[in-house]
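Peer 1: build me a structure from this.
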Amino acid sequence: MPDSPPQSPTGPAADRRLGIVGLPDADRGRALDGAADGAADRTAQAADQTAARSVAALRRARAEYLACHEAAPDPPSPRRWAVSRRLGLAAAGVVALVALAVGLRAGTSVAGGALGGPVPLATPSPPEAVATVPDTVVVHVVGAVTAPGVVTLPGGSRVADAIDAAGGAVDADLAAVNLARPLVDGEQLYVPRPGEVVPGVAGAPAGIDDGLVDLNRATQAELEGLPGVGPVLAGRITAARPFASVDQLDQVSGIGPATMARLRDLVKV
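Peer 2: As a prediction, the model looks like this:
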């Protein structure tokens, strides 16, 4: 229920408390009205103070609630790594190379699988054999020379060098001798006279007569005396016998066009 307005005090006790005993009625009425107004003012002030305390309490409660339930601030974001442009390009290059290598390997595997096995590599043709030249050769020169006998010459010397070492030819048919043929260590070199036919010389190498090396009769050492022919190639020539013609020599592995051109005029069958 709403508060009723304060009532003016009445009665002898109230008159004595207000000090209005013996006053005329008019003055007594004014005094009573003033007392009523003062009581009303005090009641209003008490209500204002109560309201103010209530508002302050509400504000404190709100502040405490917000302090307890306010969302925590977001944590600071971590610092990003700073990557230079050069480092980024280098990393991209490495990734590209790795991807290329993986792609090539995968392509090789696919190709091998499609063919039913690994892809065979082409086998290169064997290189031409390199001739092994001795340090010296010892040759017995006989026939139409000034000083027949044994001569020692540097390795790789030719028939012409042996004739010169024997004092030179005397009334000799040099057209019947291959002056450009390399000397073979231990051979006997016969220099014929004009019109003389020498099918063979006693003691001469079996594969060498008339200055030419017989491909079907020459020994390993005699074949190695040819230009461009070493031990390996000499063995291949021996294994390919018999030869029907000199042209078949180019079918031997390791004899190319250059070696064939050097040997063509130095051999026979």
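
Peer 1: shaky segments in the protein?
Peer 2: 1-29, 31-32, 34-35, 70-84, 87, 103-132, 197-211 (pLDDT under 70).

Peer 1: what's the neighbour count on His69?
Peer 2: 7 (other CB atoms under 10 Å). C-beta coordinates here come from the backbone N, C-alpha and C atoms, glycine included.

Peer 1: how near is it to Asp265?
Peer 2: Look at His69 and Asp265: by CB to CB, to the nearest Å, they are 114 Å apart.

Peer 1: now for the longest strand anywhere in the chain, which elements pack on it?
Peer 2: Ranked by residue count and defined by DSSP state E, the top strand of the chain is strand 136-143. Contacting strand 136-143 under the criterion 3 or more CB pairs under 8 Å, 6 or more residues apart in numbering; DSSP states H and E are the following elements: strand 149-154, helix 159-165, strand 188-191.

Peer 1: pull the residues that contact it.
Peer 2: Residues from elsewhere that reach strand 136-143 (CB atoms under 8 Å, 6 or more residues apart in numbering): 148-155, 157, 162-163, 165-166, 172, 183-193, 198, 201, 203.

Peer 1: cutoff 6 Å now
Peer 2: Outside strand 136-143, the residues that touch it by CB atoms under 6 Å, 6 or more residues apart in numbering are 148, 150-153, 155, 162, 166, 183, 185, 187-191.

Peer 1: that strand pairs with which strands, parallel or anti?
Peer 2: Here strand 136-143 is paired, per DSSP bridges, with strand 149-154 (antiparallel), strand 188-191 (parallel).

Peer 1: Leu179: what's it in contact with?
Peer 2: Val159, Ala160.

Peer 1: try 8 Å this time
Peer 2: Contacts of Leu179 (CB under 8 Å, 6+ apart): Arg158, Val159, Ala160, Ile163.

Peer 1: figure out the length between the terminal residues of stretch 223-238.
Peer 2: One end of stretch 223-238 sits 9 Å from the other (CA to CA, to the nearest Å).

Peer 1: give me the buried positions along it.
Peer 2: Within stretch 223-238, the residues that qualify as buried are Leu223, Glu224, Gly225, Leu226, Gly228, Val229, Gly230, Leu233, Ala234, Arg236, Ile237, counting by 16 or more other CB atoms under 10 Å.

Peer 1: the last one sits in which helix or strand?
Peer 2: When elements are defined using DSSP states H and E, Ile237 is found to belong to helix 231-239.

Peer 1: just checking, next helix/strand downstream of that helix?
Peer 2: That would be, after helix 231-239 and using DSSP H and E, helix 257-263.

Peer 1: list the contacts of that following helix.
Peer 2: Helix 257-263 has contacts (CB under 8 Å, 6+ apart) with Glu128, Ala129, Leu226, Pro227, Gly228, Val229, Val246, Leu249, Asp250, Ile255.

Peer 1: and if we set it to 6 Å?
Peer 2: Here helix 257-263 has contacts from Glu128, Leu226, Pro227, Gly228, Asp250, using CB under 6 Å, 6+ apart.

Peer 1: hey, C-alpha coordinates of that helix in CSV?
Peer 2: The C-alpha trace of helix 257-263 is given here as CSV (Å, rounded to 0.1, in the frame of the first residue of the first chain):
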residue,chain,number,x,y,z
PRO,A,257,88.7,-46.9,-91.9
ALA,A,258,91.9,-45.1,-90.7
THR,A,259,93.7,-48.3,-89.7
MET,A,260,92.5,-50.1,-92.8
ALA,A,261,94.0,-47.4,-95.0
ARG,A,262,97.3,-47.8,-93.2
LEU,A,263,97.3,-51.6,-93.5
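
Peer 1: quick one, strands of this protein?
Peer 2: 136-143, 149-154, 188-191, 208-209, 212-214, 267-268.

Peer 1: quickly compare those and say which is most buried.
Peer 2: strand 188-191 (a mean of 22; mean count of other CB atoms under 10 Å).

Peer 1: just give the nearest non-adjacent residue to Thr238, would you?
Peer 2: Of all residues not flanking Thr238 in the chain, Gln220 sits nearest, at 6.5 Å (CB to CB, 6 or more residues apart in numbering).
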